[in-house]
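Novice: quick one, fold the following:
(chains A and B)
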Amino acid sequence: MKKIRFASTVTKIFMKNQMQDKTNLLLDVFNMVSRCLIVFLLYHYIFKLNGGTINGVDYKTTMWSMFIYFCIMILNIRRLDSIIMNEVRSGNVEMFMNKPTNYLTICFFRVIGQGIFSFLFISILGIIMMIILVGIPNLNLGVFIPTFIITLFLGQILGLLIYGLIGITAFFIQNIRPIHWVVDKLVMVLGGSYLPISMFPKVMKVFAFISPFGAINFASSTVYDSWNNEFIIRIGLQLFWIVVFGILLSFVYKKSKEKAMINGG
Amino acid sequence: MKNIIEVKNLSKDYKYKVKNENKGFLYNLFNEQEKVIRAVNDISFNVKEGETVAFIGPNGAGKSTTIKMLTGILYPTNGNIKICGLTPIKDRNALAYKIGTVFGQRSQLLPNLPLTESMEMFGVMYDMDKDSVNKRIEELSELFDLKEFIHQPVRKLSLGQRMRAEIATSLIHSPKIIFLDEPTIGLDVVSKKSLRDLLLKINKEEKVTIFLTSHDTEDIQSICERCIIINHGKIIIDTSTKQLINDYVKNKNIIITPNVEFTEYPKLSDGMSYIKKDKNQIIVGVDTEVIHTQKALQELIKHFDIDDINIDNESLESIIRGIYEKD
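Specialist: As a prediction, the model looks like this:
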């Protein structure tokens, strides 16, 4: 109960802190609208050239998949490693290392709090926009609704663990940006940022399926017909990667506390 | 009074990589050498409950490293620490409930929100229920006179107000000890005075043990009853502030104002020297180990036509400077 209260308080307070910055919200809206419009126009043309479907998937389903991916990106879990790196570099990490709560837990709820308002606001606006522009997707709601919530939740936990792990390496190496860049691009490509998952070649599809980087964005696959047959194994894979990265992060975090060196001591 | 801080043979080493300047890039890439710096070297001391202790030393002496080991942020290389009977590294979580920390050059407050929000967040972090958090915010607001700015966004506070807010926030869970690392850094004289008064108040009213590092001797003199001086990682003096002044005041300054302007500055006896030569004032430094103050006065009266005379003790700042330079 105490932990739930802590999580909700930290999330709420960081959300309020972020909401003070209205320019940021406007920029997020602009970013989402412009990305969606460009991508949607482009793929509308490509699908038209291919007779309306690619790899058996239609334009509407593909656009909803990309829209889900863009919404997840608005939550911006991926900034977690930069937050940790900046605090390690500046030494501000010491302000939270002597608190009764694990530093990483504070960072997790902080990053969620910072992104959740934009995520909810833009997702709701975006769903309305999508229904008007693209139409309602053909979904088995009985499967879609519960599995979407579960896979979105698990994907974000996995994202926090992976980006948290990259952030923690700042205790060992000065600049974590190259690692961030590689992992981030993998997450983006395998999540369907550049190319819809429906257009992936077979090898890429397999890689996106089994890799932890693809598993972060499994929610964007929930609109495909194949989801109905795959969701158990996909959720199982997410749980597997959560356990693996949870153990890895807890080990590396323990080592990093031993290694900690903060300027002025 | 029982010991609230116990430090025994505490040391901390830092390792860093060094390049061989005579060798090339590839050699250094595969043959990196490590150097070890001992930042804290086998120090031991105890602090009693309710004490106010200044832990001072020049830059790089090992003050901040020691504070960070005491608060569980850094791992010691050797030695034992007990804070309220707990070992900081092993019992980091339990210890967090007993201590508060303020690092003068850092902030734990949320910049865009009013202070109450940060206080609420930390209160929840320390498992306090809503009523206890509100009650404590009320108490601290009264004690630290926060009412005028408690609902303003933190980024709009002056530095002095922010430091008061930082200290109040670090006391949200009523800790037994507060560790302050240069709390008055960058503050103006009025804010410094107000902060010192507040620290004395929490020591008296809430019985909080104060462990403070500062380069400002006024902080030490007005807040701390005991001084621990550290240099090159070793404790060189551990005594009461009063005793430190008594033991180390060897020099006195005699300030003389003339009846008519000074024109000549005759040679003075051993142990006496001119600090300031001006036609309207001269200051003569007297080393009391060489010449008695009375004798020095007699000599000056003989030399000059004096209108007024003042004798000052050496300041704590110059005493401490002398100790650092000697070590």
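
Novice: which residues sit against the helix or strand hosting residue B:202?
Specialist: Using DSSP states H and E, residue B:202 sits in helix B:189-205. For helix B:189-205, the external contacting residues (CB atoms under 8 Å, 6 or more residues apart in numbering or on different chains) are B:50, B:52, B:143-144, B:158-160, B:163-164, B:167, B:171, B:178, B:180, B:183-184, B:187, B:208-210, B:212, B:216, B:218-219, B:222-223. All C-beta spots, glycine's among them, are computed from the backbone N, C-alpha and C.

Novice: ok, now stretch A:190-199?
Specialist: A:43, A:54-57, A:61-62, A:65-66, A:69, A:72-73, A:188-189, A:204-205, A:207-208, A:211, A:213-214, A:216-217, A:220-221, A:224.

Novice: wait, what's in contact with residue 5?
Specialist: Using chain A here. residue B:124.

Novice: my bad, chain B
Specialist: For residue B:5, counting by CB under 8 Å, 6+ apart, the contacting residues are B:45-47, B:70, B:81-83, B:177, B:209, B:211.

Novice: go ahead and build a PyMOL selection from the buried members of those.
Specialist: Buried subset of the contacts of residue B:5, written as a PyMOL selection, criterion 16 or more other CB atoms under 10 Å in any protein chain shown:
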select buried, chain B and resi 45+47+70+81+82+83+177+209+211
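
Novice: give me the subset of the contacts of residue B:5 touching chain A.
Specialist: Contacts with chain A are made by none of the contacts of residue B:5, judged by CB under 8 Å from any CB of the partner chain.

Novice: hmm, residue A:138 is touching residue A:61, no?
Specialist: Yes - between residue A:138 and residue A:61 there is a contact under CB atoms under 8 Å: 7.4 Å.

Novice: average pLDDT for stretch A:102-113?
Specialist: The average of the pLDDT scores along stretch A:102-113 is 93.

Novice: buried stuff in that stretch?
Specialist: Applying a neighbour-count criterion of 16+ other CB under 10 Å, one finds A:103-113 buried in stretch A:102-113.

Novice: residue B:34 contacts residue B:15, doesn't it?
Specialist: Yes - counting by CB under 8 Å, residue B:15 is a contact partner of residue B:34 at 5.1 Å.

Novice: okay, those two: which has more neighbours?
Specialist: Higher neighbour count among residue B:34 and residue B:15: residue B:15, with 11 against 8, using other CB atoms under 10 Å in any protein chain shown.

Novice: quick one: strands adjacent to whichever strand or helix holds the more buried one?
Specialist: Using DSSP H and E, residue B:15 sits within strand B:3-18. When sheet partners are counted by DSSP bridges, strand B:3-18 sits next to strand B:33-48 (antiparallel), strand B:78-83 (antiparallel).

Novice: can you give me the helices in the chain?
Specialist: Using chain A. With DSSP state H as the criterion, chain A has helices at A:2-19, A:22-49, A:59-75, A:80-90, A:94-97, A:103-133, A:141-168, A:177-191, A:202-210, A:212-215, A:227-259.

Novice: wait, chain B
Specialist: B:25-30, B:63-70, B:92-96, B:115-125, B:130-143, B:159-170, B:189-205, B:217-223, B:241-248, B:293-303, B:316-326.

Novice: mean confidence for the shortest one?
Specialist: Same thing as helix B:92-96. Mean pLDDT, computed over helix B:92-96, is 92.

Novice: what residues does that helix touch?
Specialist: With CB under 8 Å, 6+ apart, helix B:92-96 has contacts from A:98-100, B:71-72, B:83-84, B:86, B:88, B:126.

Novice: change it to 7 Å
Specialist: For helix B:92-96, the surrounding residues in contact (CB atoms under 7 Å, 6 or more residues apart in numbering or on different chains) are A:98-100, B:72, B:83, B:86, B:88.

Novice: could you do the fifth one as well?
Specialist: Counting by CB under 7 Å, 6+ apart, the neighbours of helix B:130-143 from elsewhere in the structure are B:116, B:119-120, B:123, B:128, B:146-147, B:150, B:168, B:171-172, B:201.
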